[in-house]
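Enquirer: Quick check, what structure comes out for this input:
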Amino acid sequence: MSSQETKEEYQNVILHLLSGDTVIYKLSENKKSHVTGFQKKSKKDLWKFKIYSENDIAFYTTSTGEKTWMYETNPKKGQFLKPFELEQYILGKGDAKFNYRPNKHFIGGILFGLAVSGADTYQKNEGILSRSNSILSISTPLLSSMLLMTKKSRIKNLTNIDEQQNLEYHYSNGYNSSKKAKNHIASFTGSLLGVIVIFLLNNN
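Expert: Prediction:
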């Protein structure tokens, strides 16, 4: 779909997804269960047809800033947050997703992988790299992702905070959600790299 093919029935909107992502979208139809339209594929004016479920979208905004919510508070479905709280949650989630860099967990993972995998090849009186890697080395990346955990945020008593503190609390929860996922991947990847280095040195 090119810009020349765009018709008046398509509404230019930005989808705000529960994942924290935003999507430039030409909205064709909004039904209760889903939206249909065209998603921009790249910086170029290229579009592809895409359907998004109500379970993917929090809300979408128009060029004038008008906001239409797909999400509804529904405790029976496990949707306890109010819309304004969810907005802060996904804002924090997106912020960490695109701006947070898990450098400490990556470096920590490398050091952990080198240390554990190196110790795995150790033999008394012969030092490291003196025997084959065992299953311990293979399991090291998983151990790293479990041990190098993200510090948990303190749970506040929500009955004793004001509106601003409530918004900050939900933003922080969203931020920590993405941060935890990125730290997990970084520590696993770093540890795997450390194990590979020891494996290669041990098999030269």
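Enquirer: And the nearest residue to Val13 once chain neighbours are set aside, how close does it get to Met70?
Expert: Nearest residue to Val13, sequence neighbours excluded (Cβ to Cβ, 6 or more residues apart in numbering): Tyr60, at 4.5 Å. Every residue, glycine included, has its C-beta placed from N, CA and C. Note on Tyr60: its distance to Met70, by Cβ to Cβ, to the nearest Å, is 7 Å.
Enquirer: Now list whatever residues contact both of those two.
Expert: Val35 (Cβ atoms under 8 Å, 6 or more residues apart in numbering).
Enquirer: one step back: report the buried residues of the helix or strand hosting the residue nearest to Val13.
Expert: Assigned by DSSP states H and E, Tyr60 belongs to strand 57-62. Using 16 or more other Cβ atoms under 10 Å as the test for burial, strand 57-62 gives Ile57, Ala58, Phe59, Tyr60.
Enquirer: now do stretch 110-124
Expert: So stretch 110-124, judged by 16+ other Cβ under 10 Å, has buried residues Ile110, Phe112, Gly113, Leu114, Val116, Ser117, Gly118, Asp120, Thr121.
Enquirer: For it, output the C-alpha coordinates as PDB.
Expert: The C-alpha trace of stretch 110-124 is given here as PDB (Å, rounded to 0.1, in the frame of the first residue of the first chain):
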ATOM      1  CA  ILE A 110      30.500 -13.100  31.100                       C
ATOM      2  CA  LEU A 111      32.500 -13.200  34.400                       C
ATOM      3  CA  PHE A 112      30.100 -15.800  35.800                       C
ATOM      4  CA  GLY A 113      30.400 -18.000  32.700                       C
ATOM      5  CA  LEU A 114      34.200 -17.700  32.700                       C
ATOM      6  CA  ALA A 115      34.500 -18.500  36.400                       C
ATOM      7  CA  VAL A 116      32.100 -21.500  36.500                       C
ATOM      8  CA  SER A 117      33.100 -23.000  33.200                       C
ATOM      9  CA  GLY A 118      36.800 -22.500  34.000                       C
ATOM     10  CA  ALA A 119      36.300 -24.200  37.400                       C
ATOM     11  CA  ASP A 120      34.500 -27.000  35.600                       C
ATOM     12  CA  THR A 121      37.700 -27.800  33.700                       C
ATOM     13  CA  TYR A 122      39.900 -27.700  36.700                       C
ATOM     14  CA  GLN A 123      41.900 -30.700  38.000                       C
ATOM     15  CA  LYS A 124      44.100 -30.700  41.100                       C
END
